[in-house]
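Quick one, fold the following:
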Amino acid sequence: MARKYSNLDLVDQIDGFPNITTHPEAFAKRTADHARFMHGPHIVGYIIPMVLEALKDVALSGDWWDITPGVVRLRGETVEERTKNIDETTRRWRDAKRFEILSGWRDERYTIYAPKGAPCFYMERSAHPLFGVVAYGAHMTVYIPATPTTPLRIWVPRRAAGKSTYPGMLDNTVAGGMGDGVGPWECIIKEAGEEASLEEDYVRAHAKAVGYVSYFYVRHKEAGGEAGLLQPEVEYCYDMIVKDASEGGPVPKPFDGEVAEHILMDVDEVVENLEAGKFKPNCAAVLLDFFIRHGILTAENEPNYLEINARLHRRFEFPTR
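Residues are numbered from 1 along each chain as shown. Predicted coordinates:
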């Protein structure tokens, strides 16, 4: 029989790295062989042993790294110097096929932050899980509100079968990573057109910022590349109310080939698919947050309500944007 996932199971899937504040013993045990990736006095990420071994190979990785027991530092006095150095290292790894995850090289940069939202350096999107640094994205739930005769319904896309990550799984209506210089709002506008054929003017007029979810993901094999890589992440969340198509509401349609279809599901159908583990893990987290905000998931019907809510809004020990 297929496993039935509880809401807490779904959170465990996406927030699988021990929290240094709430579970210090588990954290100490887990990170005993990890290196702290430091910038000045601040931790910007964690580096697991197989990546640390690659960094120690100067012939492969270059001499832009200061490595002492338990600590790694990237050399460079300026943002530009640090960016150039980490780019050279990750390109060498890609060309040498050192890490499978780099086969998905995108030529898209993510911003890694120093304190107070200042850029520390920029790095290739596909490489960031190798260094355990925080990534950012934006997700939007497009839904039709309940009426006296119909339940609340959500537009749910199915990822294309040819996707390199989580092929065929269910997703949030609109979602994407935030590259260098792109804020969450513009990310949503862009992805709404590319993934769901939603008109820009309509999205700008109707989408609403509703908060965020944050978690510390330990990557599964289905994420692409090596399993066990570390990915702390913040997803800015948006809701957009639409009318039923029979009343002139927009119908999301695939555009860029990343989505196979869009399915209009009522809440019970979404819950059934969540319990079956059919949603991409971070998309399940966004939906749980949606359920909490809309009073679908409450302290009365969910025994782990407080833990779920807290872990969907994890506070990181790293500088953030």
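
can you pull out the helices in the protein?
In the chain, the segments counted as helices under DSSP state H are 7-14, 24-30, 49-56, 58-61, 79-95, 184-196, 200-206, 267-275, 281-293, 305-311.

buried ones in the shortest one?
Within helix 58-61, the residues that qualify as buried by neighbour count (16 or more other CB atoms under 10 Å) are residue 61. Every C-beta, even on glycine, is put in place using the N, C-alpha and C of the backbone.

Also stretch 178-193?
Result for stretch 178-193 [16+ other CB under 10 Å]: buried residues 178-179, 182, 184, 187-193.

Residue 62: which of those residues is nearest?
Lowest distance from residue 62 to the buried residues of stretch 178-193 (CB to CB) belongs to residue 179, with 24.4 Å.

so where do the strands sit in the stretch 1-150 of the chain?
In the stretch 1-150 of the chain, the strands defined using DSSP state E, counting those that start in this stretch lie at 35-39, 42-47, 65-68, 71-74, 109-113, 119-124, 135-144.

Point out where the stretch 1-150 of the chain drops to low pLDDT.
For the stretch 1-150 of the chain, the stretches with pLDDT under 70 are 1-2.

give me that answer again for 80
1-3 (pLDDT under 80).

how much space is there between residue 174 and residue 225?
Going from residue 174 to residue 225 by CB to CB, to the nearest Å gives 24 Å.

Compare these two (neighbour count), which wins?
Comparing residue 174 with residue 225 by other CB atoms under 10 Å, the one with more neighbours is residue 174, at 29 against 20.

Which residue is the nearest non-sequential neighbour of the more buried one?
residue 140 (4.1 Å; CB to CB, 6 or more residues apart in numbering).

can you check residue 177 too?
Computed as CB to CB, 6+ apart, the closest residue to residue 177 that is not its neighbour in sequence is residue 137, at 4.7 Å.

isn't that neighbour right next to residue 188, touching?
No - counting by CB atoms under 8 Å, residue 188 is not a contact partner of residue 137; they are 9.8 Å apart.
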